[in-house]
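A.B. asks: Mind folding the following:
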Amino acid sequence: MHKTLHGYQAGDIRQHLDPRPQLGYEAEKAIREDAVPEAAKAGIRGRCVDFTVKLLEEIRNRLPDNIEILRQMSALSVGEALRHTKKPITELAEMFMTSPEEINQIEIQWCNIHHIQWEHVDNTEKFWCEVESYRDATGDKLFKELCNLALTILSLPHSNAQVERVFSQLNVVKTKLRNRLSLLTVNSILHIRYGLQTAGKKCYQYSLPSSMLRIIGTMESYSSESKQANPEEEEPPLDEDVIQALL
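C.D. replies: Numbers count the residues shown, from 1 in each chain. Take a look at the predicted model:
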């Protein structure tokens, strides 16, 4: 059984390829000038065809299992979601939802989402977060099922490139001169690096919370079990001398 390649089998793909492929000007000229026998020329061209078929097979094998989901997730873009005339989202919903009631609700919400005046229409992530928090006069979420589907799909990893970058950053952080760093310290450094990157900030732009500033230089700052302060609680102002010492 040949492996399928986007709906075609390997044997079918070969039928769509030219059995006498063009090898390029220099190769064709060398074949003519050297008077290469017909059998040898046919063998060269046949190997080119075999290489093309094998290349397609390898590309197909390297595609992720969720390639169909990644193809169709463009329907969740703001432009597509707010179109008055748009394709149904049933096929995408069936990949994640098994309940007919949920799929029916998703279709209804998908058809009605463009009737609302949304604020974040230039960013897909902010748009769906806004839709998820939208409530009617009774406090019910009108697009609950649709948002669950959208946020689930948008959370899928597109590739392992980000993980590979973490490995590269690990080599930068834990060098031969810093090989005694503990796992907790390395993990914290990487969290800070990628946390700032996600927030779109640099280390010199980040303002430490006052609760963190108070424990700098104390044993509490070395405790991994220390509780984070409740951000809703009012924090006492820092002493002026402490502020000057930290600057």
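
A.B. asks: CA atoms for contacts and neighbours, from now on please.
C.D. replies: Fine.

A.B. asks: sec struct for the closest residue to residue 14 other than its chain neighbours, please.
C.D. replies: Leaving aside its sequence neighbours, residue 14 sits nearest to residue 53 (C-alpha to C-alpha, 6 or more residues apart in numbering; 6.7 Å). Following DSSP: H, G, I helix; E, B strand; the rest coil, we place residue 53 in the helix state.

A.B. asks: same check, this time on residue 208
C.D. replies: For residue 208, the assignment made with three-state DSSP gives coil.

A.B. asks: show me what contacts it?
C.D. replies: Residues near residue 208 by C-alpha atoms under 8 Å, 6 or more residues apart in numbering: none.

A.B. asks: Quick check on it: phi, psi?
C.D. replies: phi -70, psi 140 (degrees, to the nearest 10).

A.B. asks: just use 80 as the starting number from now, easier for me
C.D. replies: Done: numbering now begins at 80, and the last item shifts to residue 287.

A.B. asks: Please report how far it lies from residue 293.
C.D. replies: Separation of residue 287 from residue 293 (C-alpha to C-alpha, to the nearest Å): 10 Å.

A.B. asks: now the helices for the protein?
C.D. replies: For the chain, the helices defined by DSSP state H occupy 89-94, 104-112, 117-141, 146-151, 157-160, 169-173, 179-191, 203-212, 223-233, 240-252, 262-278, 289-294, 319-325.

A.B. asks: so where's the chain uncertain?
C.D. replies: Residues of the chain that meet the criterion pLDDT under 70 lie in 80-90, 142-145, 237-238, 300-326.

A.B. asks: most remote residue from it's center?
C.D. replies: residue 114 (53.5 Å; C-alpha atoms, centre = their mean).

A.B. asks: Tell me how many other residues surround residue 226.
C.D. replies: 21 (other C-alpha atoms under 10 Å).

A.B. asks: The residue nearest to residue 93 reaches residue 92, doesn't it?
C.D. replies: Yes. Between residue 132 and residue 92 there is a contact under C-alpha atoms under 8 Å: 7.2 Å.

A.B. asks: Okay, the residue lying closest to residue 158 once chain neighbours are set aside and residue 149: tell me how far apart.
C.D. replies: Computed as C-alpha to C-alpha, 6+ apart, the closest residue to residue 158 that is not its neighbour in sequence is residue 200, at 7.9 Å. Distance of residue 200 to residue 149, given as C-alpha to C-alpha: 21 Å.

A.B. asks: mind giving me the domain split of the protein?
C.D. replies: Following automatic domain parsing, one gets these domains for the chain: 83-141, 148-233, 240-325.

A.B. asks: Buried deepest among these, which one?
C.D. replies: domain 148-233 (a mean of 15; mean count of other C-alpha atoms under 10 Å).

A.B. asks: Can you list the neighbours in contact with stretch 188-208?
C.D. replies: 155-158, 160-163, 167-168, 209, 221-222, 225-226, 229-230.

A.B. asks: what do you get for stretch 232-250?
C.D. replies: 148, 149, 152, 265, 269.

A.B. asks: Look up how far residue 272 lies from residue 281.
C.D. replies: 9 Å.

A.B. asks: between the two, what contacts are shared?
C.D. replies: Counting by C-alpha under 8 Å, 6+ apart, nothing touches both residue 281 and residue 272.

A.B. asks: Spit out the contact partners of residue 260.
C.D. replies: residue 253.
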